[in-house]
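sharing a model prediction with you, sequence too.
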Amino acid sequence: GNSVTQMEGPVTLSEEAFLTINCTYTATGYPSLFWYVQYPGEGLQLLLKATKADDKGSNKGFEATYRKETTSFHLEKGSVQVSDSAVYFCALGKAAGNKLTFGGGTRVLVKP
Amino acid sequence: NAGVTQTPKFRVLKTGQSMTLLCAQDMNHEYMYWYRQDPGMGLRLIHYSVGEGTTAKGEVPDGYNVSRLKKQNFLLGLESAAPSQTSVYFCASSYLAGALGQLREQFFGPGTRLTVL
């Protein structure tokens, strides 16, 4: 079956540090891949997505590249801010599937 | 567009009471979902629907029922609430697109915080 594995947190960083959150997946075919962000007390918001191999999704300074050869979709940001403190979820959606598979989430805490 | 809305935002129940959570979306999405999120944990799928009049079980369906009588609404019911159902409940909707019929992103509501005493 489908599965998504992402690094466990919490990840604690200083402001302006480089952030990487690893995400690898198991799925047949060509799934779509997503990163969601959840700020404290809120619902999940789509951060970025990629629908085919080698696509790069980007938003708010975050980037992730769909790597089919390594079945990965790692999230990166070059210089984090305190406002980036949140929980980040990686997810995949299979072609012709009817639900997304989510990773367990990674909590990120950025300190001033 | 309001997107996905959920009512109520907060609720406190006593053990054994019943309630219904309402989810509404105005994006004409076929797919709708109910998740629960417990402290420090990820999302767990309770039930979902792939169209009006259809429902299916997710990972943790016990103790919950759902109905999708209208395309824009997805109701989650607790017939006899238990303390183990204390959680934050999120509704989401989605759609298929592209030549391969890929499931696109899910749009989430703001959540309902439920406490069962």
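Right, received. Where do you want to start? Numbering: from 1, shown residues only, chains lettered A, B, ... in the order given.

from now on I want contacts and neighbour counts done on CA atoms only, so please keep to that.
Noted.

excluding chain neighbours, what is closest to B:Asn65?
Leaving out its chain neighbours, the residue that sits closest to B:Asn65 by Cα to Cα, 6 or more residues apart in numbering or on different chains is B:Gly77, at 5.0 Å.

which residues of chain B fall in strands?
Shown for chain B, the strands assigned by DSSP state E span residues B:4-7, B:10-13, B:19-25, B:31-37, B:43-49, B:56-57, B:65-67, B:73-78, B:87-94, B:96-97, B:102-103, B:107-108, B:112-116.

which residues does the residue nearest to B:Asn65 contact?
Taking Cα atoms under 8 Å, 6 or more residues apart in numbering or on different chains as the contact definition, B:Gly77 lies against B:Ser18, B:Met19, B:Thr20, B:Leu21, B:Tyr64, B:Asn65, B:Val66.

comparing the strands of chain B, which comes out most buried?
strand B:87-94 (a mean of 26; mean count of other Cα atoms under 10 Å in any protein chain shown).

identify all contacting residues around that one.
Residues contacting strand B:87-94 (Cα under 8 Å, 6+ apart): A:43, B:4, B:6, B:23, B:25, B:29-39, B:103-115.

so for residue 50, what pLDDT did the model give?
Just going to use chain A. For A:Ala50, the model assigns a pLDDT of 94.

nope, chain B
pLDDT recorded at B:Val50 is 90.

list the contacts for the closest residue to B:Lys14 other than its chain neighbours?
Counting by Cα to Cα, 6+ apart, B:Lys14 lies nearest to B:Leu117, which is 4.9 Å off, once chain neighbours are set aside. B:Leu117 makes contacts with B:Val12, B:Leu13, B:Lys14, B:Thr15, B:Ala82, B:Pro83, as judged by Cα under 8 Å, 6+ apart.

tell me which two in those are the farthest apart.
By the measure Cα to Cα, the contacts of B:Leu117 have their two most distant members at B:Val12 and B:Ala82, which lie 11.5 Å apart.

any common contacting residues for these two?
Joint contacts of B:Val12 and B:Ala82 (Cα under 8 Å, 6+ apart) are B:Val116, B:Leu117.

is A:Leu47 in contact with A:Tyr36, as I believe?
Yes - counting by Cα atoms under 8 Å, A:Leu47 does reach A:Tyr36; the two are 5.0 Å apart.
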